[in-house]
Structures are given as C-alpha cells and as structure tokens.
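1. starting from these lines, generate the structure:
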Amino acid sequence: MSGTSEIRFLPLGARRLAYEVRGDGPPLVVPAWWVSHLELDYENPGVRRFWDGVAQNYTLIRYDRLGVGLSDRTVHDSELTLDGEVAVLRALLDELELDRVSLIGGSSGTCTAVAFAAAFPERVERLVLYGSYPVGDALTPPGVADAIVSAVHAHWGLGARMLSDIFLGGADAAEHERFARLQRESATAETAAALLRLVYRLDVRDHLPLVRTPTTVVHRRDDRAVPYRFGREVAAAIPGATFIPLQGSSHFPWHGDVDSVVRACRQALAPHQPPPPGADNAQPVLLSRRECEILACVARGLGDREIAEQLLLSPHTVHRHVANIRRKLGSPSRTAAVAEATRLGLL
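-> You can find the predicted model right below:
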C-alpha cells in the first residue's frame, strides 16, 4: 500500500489543510491526532508497518490539523473545540465527495470520531477507536495537565522529551529522540501547548450513547498516557460496542507489539460477507445518488477519466466510488458489478 500516495490541500477560508490519500479501496479516514506530519510520520518504520497493515485494501486518508505538519501553521484558539474538529472532518469528506466511510480514531482523534459518528450516523460505516477516553480533564491528576502544558510552552525541547516519555514507555533512546524531534518539527511550542489544552478539555460523554455505528474499542492494558479504564468506559457507553484489550504500555499503536493492534483493527474493519445469490434474507443494496450516476456511466463502458470529465470529478474520486460500488455489490470487477446491479434492478 505504501507506494501509491498523494498529498493534497483543502482550502479552509484563507488557509489550507494538508491531507494524504494512500492506497486503493473503500475509504478509511483517520481524524487528526494531537500533532502529526504527513511526510515525516511515514519515515518511521513502525508507522509504515501499522498503517500498511491496517489499511491494506483500503484507501487511507489522513490529515494534519491546522497549525501542524504540512498544513498552514496558523490556528486560532477559537477554532480549537470539538465542534471545530468535527467541522474540519466533515469538510474533508465533502471535498472528497465521500458519502460513507469507516473511521479509525486514535487518542484525542477518538473524540472527533465519536462526535462525528453521533452527529452523522449515515456517513459512518464502521468505527474503530484506539486509546480512547470520554473526558480529557480526567487523564491526569488535578494540576498536572496545567504543568505539562506550561512545560511545553516554556521549553519545547524539554517538553517534547517529557511527552515522549509519557507516550512511548520503554522505547529505546534513539526512538525517544526521534519522536521528540518529530514533535518539534511538526508544531511550534505555542501551537503544541494550545492543542494539548484542547486534548485535556475534550468531552464526549454526551455523544457516546448516541453512536449507532458498529464500533470496536481497542486499548492496551498498561497505556501510560490514557489509562485502560477509560477505554472500558468508552466501550460500555456506546450501545453494542466491542472491547478488545491488548497487552502493552505504549500509547502509540506503532510502538510495541504493532501486529496485535493491526489484527484487532483489521478484525473490526472486516466487512460483512454479502449473502449468497437468491438467499431469502438478502438485504437491499443501498447506493448513493453519486454512486448510481457513476454506475450508469460504467454500464455505458466509460473509463474513470471519461466519467470524471462528464461528472466534473477527479479520476481518483471516480476510482474510489467504483471501488465502493463493487464492495457493496460484492463484485470482483466492473463487469460483474454491472451484471449484479442489473439483476437487482439498480440499472
């Protein structure tokens, strides 16, 4: 999956949000973590191993939030709210014309994923949460969060190393230094401190019972940054959620036993197998309006570029829609999808 990647930019007012589209298949979207850098992240072998494993046969979509990484580095305190995070995620999906996606949220990104799934259930197919928590001010004892934020703001070098100790647990010295450097290159001290304040004030307790999307919560038992009990609380509060506990202490899934986290996430994302042809309990296939338009063009023998020109879309957008259509119809090829759609009366 690593080989096919594009970094693009989404206009948000006068600023631009950097996002990456990598791979091929149904869309798997990652709400932004605390700080990130689309380009530098993938230089880490563990990051590559994790995302390549989880997103195999998916189109992986990640983004750097405003203020960090490859996005414009200006961010305003008034924008740092849960509603603001949801609005950015929605704007990105609208830009890519994605009607329905799977979300995989990690750490503070789980709050965005939960709030989005609660607000727009029709747009989320499956929800995977790793290292999640219901309310940020419970992550540390009283006063500790303020001390951490102050340290990051006052001395970003020492602050970055302190956070590395929290997030990475027993990683070796070289890995600690690499992550501390990544943090400093991804954001200024002021932005990092402002985003940490956001992490500690996020609260999704009222959103959790509203989630109706099939949800899996994955959490390491000895997570040093987000205690294990918070993952259990999140899973218990989401109706029908599945909880998968794992061994380990590192907060980041690409450290420690990466493969166990990959397996858990892949298990959560595995789509239901379509019922056999002619089965009495077969469910109707639901295609969006855009998917129906594209399917009609496919049936006429048009290729991605021709469809893109006709519908004023990018070829990549068309390609993803066709992949979604094939998945929904349980068809291995475009020809088979057209045949199945004809049998179901969709054409």
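2. burial of residue 67, as a residue count?
-> Residues near residue 67, counting by other C-beta atoms under 10 Å, number 23. From N, CA and C alone the C-beta is placed, and that goes for glycine too.
3. typo on my end, it should be residue 107
-> Count around residue 107 with other C-beta under 10 Å applied: 22.
4. likewise for the one 10 residues further on?
-> Residue 117 is flanked by 26 other residues according to other C-beta under 10 Å.
5. can you list the domains in this protein?
-> Per the record, the chain has its domains at 5-269, 289-343, by automatic domain parsing.
6. single out the most deeply packed of those domains.
-> domain 5-269 (a mean of 19; mean count of other C-beta atoms under 10 Å).
7. quick one on the thing from earlier: rank the domains of the chain by mean pLDDT and give me the bottom one.
-> Of all those, domain 289-343 carries the lowest average pLDDT, namely a mean of 87.
8. gap between the two ends of that domain?
-> Terminal residues of domain 289-343 lie 19 Å apart, using C-alpha to C-alpha, to the nearest Å.
9. same thing with stretch 165-182?
-> 14 Å.
10. identify the residues contacting it?
-> 37, 40-41, 44, 157, 160-161, 163-164, 222, 224-225, 248-252, 255-256 (C-beta atoms under 8 Å, 6 or more residues apart in numbering).
11. distance from it to the middle of the chain?
-> In terms of C-alpha atoms, centre = their mean, to the nearest Å, the centre of stretch 165-182 is found 23 Å from the chain centre.
12. now do the helices in the stretch 101-250 of the chain.
-> Secondary structure of the stretch 101-250 of the chain (DSSP state H, counting those that start in this stretch): helices located at 109-119, 144-154, 156-168, 173-186, 189-201, 228-237.
13. out of the ones you listed, nearest to residue 316?
-> When these are compared by C-beta to C-beta, helix 109-119 sits nearest residue 316, at 22.7 Å.
14. got the angle for that closest one vs helix 189-201?
-> Going by axes from the mean of the first three to the mean of the last three C-alpha atoms, to 10 degrees, helix 109-119 is angled at 60 degrees with respect to helix 189-201.
15. name the helices or strands packed onto helix 109-119?
-> Using 3 or more C-beta pairs under 8 Å, 6 or more residues apart in numbering; DSSP states H and E as the contact test, the elements touching helix 109-119 are helix 82-95, strand 101-106, strand 124-130.
16. partners of the shortest one, with directions?
-> Pairing partners of strand 101-106, with direction, according to DSSP bridges: strand 27-30 (parallel), strand 124-130 (parallel).
17. including distance to residue 330, could these go into TSV?
-> What follows is the strands paired with strand 101-106, written out as TSV (distance: least, C-beta to C-beta, whole Å):
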stretch	distance to residue 330
strand 27-30	18
strand 124-130	15
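18. look up how far residue 188 lies from residue 74.
-> Taking C-beta to C-beta, to the nearest Å as the measure, residue 74 falls 10 Å from residue 188.
19. got it, and residue 226?
-> For residue 226 relative to residue 188 (C-beta to C-beta), the value is 25 Å.
20. and for residue 139?
-> Taking C-beta to C-beta, one finds residue 139 at 23 Å from residue 188.
21. assign the residue lying closest to residue 6 once chain neighbours are set aside to helix, strand or coil.
-> Leaving aside its sequence neighbours, residue 6 sits nearest to residue 21 (C-beta to C-beta, 6 or more residues apart in numbering; 5.0 Å). Following DSSP: H, G, I helix; E, B strand; the rest coil, we place residue 21 in the strand state.
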